[in-house]
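Asker: this one's structure only:
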């Protein structure tokens with residue numbers, strides 16, 4: 001990855017920032033420079049990803065908004081996730097994350113849709129263990145899903161934080177200049 005593609009300002013401004021704060025700043029700079037926007041669809045992170053993006057300088061130029069689809073029915077009725085997929089695989093599945101990202105991109109008329117779905121605990125859900133998570137990005141070149149490793153993240157906050165950082169990194173890896 002060419003670090004020059006993601007300017008973040010003077011190094012003094014970056015000191016003391018968390019990984020997610022730095023990524024959000026870099027993403028907004030890159031999105032603005034390329035004329036792109038982003039929207040989020042979140043399940044178990046319940047707004048943490050959107051909050052990370054909204055808190056960064058430049059958010060008003062590139063962040064379109066988001067949908068917190070905590071309930072499975074909202075994933076289907078608002079984001080357009082296939083009901084058959086939800087019935088057969090449950091809400092915690094890579095294809096569900098992909099369809100959430102696609103749905104929010106379309107719904108918010110954004111260049112990129114970014115989604116999270118997973119299990120933060122305290123108990124398994126839909127046959128998936130605590131710590132299972134999927135993040136997805138949908139953009140001009142297609143949709144990509146990742147299943148980040150949460151080994152060592154055994155509490156809800158750590159699992160959600162892993163998902164937020166993984167989603168921001170996935171978006172970073174797929175932001176492309178306008179053609």
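Answerer: That came through, no problem. None of the values given here were measured: they were computed from a predicted structure.
Asker: Every contact and neighbour count from this point should use C-alpha atoms.
Answerer: OK.
Asker: After the lowest-mean-pLDDT helix or strand in the chain, heading C-terminal, what element do we hit next?
Answerer: Across the helices and strands of the chain, mean confidence by mean pLDDT, DSSP states H and E is lowest for helix 11-14: a mean of 50. Of the helices and strands lying after helix 11-14 in sequence (DSSP states H and E), the nearest is helix 19-34.
Asker: Buried residues, that following helix. List them.
Answerer: Going by neighbour count (16 or more other C-alpha atoms under 10 Å), the buried part of helix 19-34 is 20-33.
Asker: Which residue is the nearest non-sequential neighbour of residue 64?
Answerer: In this structure, residue 64 finds its nearest non-sequential neighbour in residue 39, 5.2 Å apart by C-alpha to C-alpha, 6 or more residues apart in numbering.
Asker: Check for me that the one you found belongs to a helix.
Answerer: No: Residue 39 is assigned strand when assessed by DSSP: H, G, I helix; E, B strand; the rest coil, not a helix.
Asker: Just give the number of residues close to it.
Answerer: Burial of residue 39 is recorded as 27 neighbouring residues (other C-alpha atoms under 10 Å).
Asker: I figured it hits residue 65, correct?
Answerer: Yes: if you go by C-alpha atoms under 8 Å, residue 39 and residue 65 touch, sitting 5.1 Å apart.
Asker: Residue 147 is in contact with residue 134, correct?
Answerer: Yes: using C-alpha under 8 Å, residue 134 is in contact with residue 147, at 4.6 Å.
Asker: More neighbours: which of the two?
Answerer: Set residue 134 next to residue 147 and count neighbours by other C-alpha under 10 Å: residue 134 wins out with 25 against 16.
Asker: If you count contacts, what does the strand or helix carrying that one end up packed against?
Answerer: According to DSSP H and E, residue 134 maps onto strand 133-139. Strand 133-139 is packed against helix 94-108, strand 112-118, strand 142-146, helix 156-172, with contacts defined by 3 or more C-alpha pairs under 8 Å, 6 or more residues apart in numbering; DSSP states H and E.
Asker: So what touches the shortest one?
Answerer: By C-alpha atoms under 8 Å, 6 or more residues apart in numbering, the residues outside strand 142-146 that reach it are 94, 95, 97, 98, 101, 102, 134, 135, 136, 137, 138, 170.
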